[in-house]
Each structure stands twice: as C-alpha cells, then as structure tokens.
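Trainee: Sharing a model that was predicted from the sequence below.
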Amino acid sequence: NAGVTQTPKFRILKIGQSMTLQCTQDMNHNYMYWYRQDPGMGLKLIYYSVGAGITDKGEVPNGYNVSRSTTEDFPLRLELAAPSQTSVYFCASKGSNTGELFFGEGSRLTVL
Amino acid sequence: QQQVKQSPQSLIVQKGGIPIINCAYENTAFDYFPWYQQFPGKGPALLIAIRPDVSEKKEGRFTISFNKSAKQFSLHIMDSQPGDSATYFCAAAPGSSNTGKLIFGQGTTLQVKP
C-alpha cells in the first residue's frame, strides 16, 4: 500500500512564484489535512477537508489555498510565495472511525 | 486555550534509561491525546494514544500517564534503545466532532546513546 504520497519532495521557489504541492491517498479516507512543520514549532494545521468538495481553514491558512475534487487528492496551492513559507509541508489522512492520522513523507519548500 | 505545551525541547539519555516527555493543555474540551514519533526525513507516525477516561495506557515499552485534573500528560519510554532516537510530538484533539484536527506540541528530540 502506498498510503499518503506527496510530490515534490523538494522545491526551491523565488519570491512571488506560485506552485502546487500534490497529495494523494489510496486508503479511501474521508479526512485529509495539510500541516507545516517549522523547527521548534511543532506542526501547524493549514487546511483540512472532511470529504470531497468540503474544505476549511486551520490555524495558519494565509497565503495558501486548497481544493478537494476527489476523495483521493488534496492539493495545496501557494500563491505569491514568501520567505515565511519556507517550511516542510506534510499531508495526512484519516479514516472516519479512528483518530489516527497517516502522514506522507513531506515536501521541503525553500523560498528565496 | 488551543495550545499544547511540550517539554523538554531535547533530551539525551543512555541506553536503558527512561526518558520522560511532558505536555500540558488548557482546553478542557480536548478528549483525545496521541503521541507521534518522527524519524529524520519521514512523516510523523502514531505511537500511542489515550482518552481522558483512563489515567495510564501501556503499549510495549511506551506508557502514557494522564492527569485530568492537572491537564497534563506524559510519555515514558522504558528500557530506551538507540532505535528510539527520534522526535516525539504530543497532540490533542478538540471536542468530539471527530474531524481529527490535532493541535501539536512543539516536539522533543530524543537521543539515546549506546
């Protein structure tokens, strides 16, 4: 089983550029999440989705957008990249009857 | 009120020692308290979790102790091994809506020396 797959693993952006981080899961999970991880700060929730067509903001949504057109995919869009968005981004998914989040391996983004 | 405070930030123990990581929360609506383990270059993975109706839960060498009145919970690793060297995150989920919106602590980097 692939689980949660994120692409790309690494990316360098220039200030003002835009990009999309891809996330797909093959576990038929309804719930999906995007977190960012910064040193000493833990993981902060950016956006989440409780099912196809439904998304909502987390703790730190500014500068990001998401969509959820299918159960499997939950892409994260960065518009007008800023140095403050330099981080490691994790996508996760969860089934309906469990509290366990399954994480991807992360996407390391650097904005210069 | 949505914060989960974790300490220490880093911890070094000898093989066989018992590292203890502590977390504190303020929101009494939290009702699910998991611990995640993260190895370098990997995503976090669930290690063990507890709900507030019990004071302790053991899974192998890992134990969660939960103090509802103090709003604190901790992770103990018995007979620690070099393979336990990783970053550990506590977390809490607010309410019982089952949305899984975890609030994470700041993380503790554990090094177990051979």
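Mentor: Received the coordinates, thanks.

Trainee: Quick one: the strands in chain A, in order.
Mentor: A:4-7, A:10-13, A:19-25, A:31-38, A:42-51, A:54-57, A:64-66, A:76-78, A:87-94, A:102-103, A:107-111 (DSSP state E).

Trainee: show me where pLDDT drops low in the chain?
Mentor: With no chain named, the answer covers chain A. Low-confidence segments of chain A, defined by pLDDT under 70: A:1.

Trainee: wait, I meant chain B there
Mentor: Ranges of chain B meeting pLDDT under 70: B:1, B:95-98.

Trainee: Of the strands of chain A, which is nearest residue B:56?
Mentor: Closest of these to residue B:56 is strand A:42-51, at 24.2 Å (criterion: Cβ to Cβ). The C-beta positions use only the backbone N, C-alpha and C, and glycine is treated the same way.

Trainee: Quick one: list the elements packing against that closest one.
Mentor: Packing partners of strand A:42-51 (3 or more Cβ pairs under 8 Å, 6 or more residues apart in numbering or on different chains; DSSP states H and E): strand A:31-38, strand A:54-57, strand A:64-66, strand B:103-104.

Trainee: for those strands, which one sits closest to residue B:38?
Mentor: Closest to residue B:38 of the helices and strands packed on strand A:42-51 is strand A:31-38 (Cβ to Cβ; 8.7 Å).

Trainee: thinking again about what came up before, quick one: closest of the helices and strands packed on strand A:42-51 to residue B:50.
Mentor: strand B:103-104 (15.4 Å).

Trainee: quick check, distance from the closest one to the centre of its chain.
Mentor: Here strand B:103-104 shows a centroid-to-chain-centroid distance of 11 Å under the convention Cα atoms, centre = their mean, to the nearest Å.
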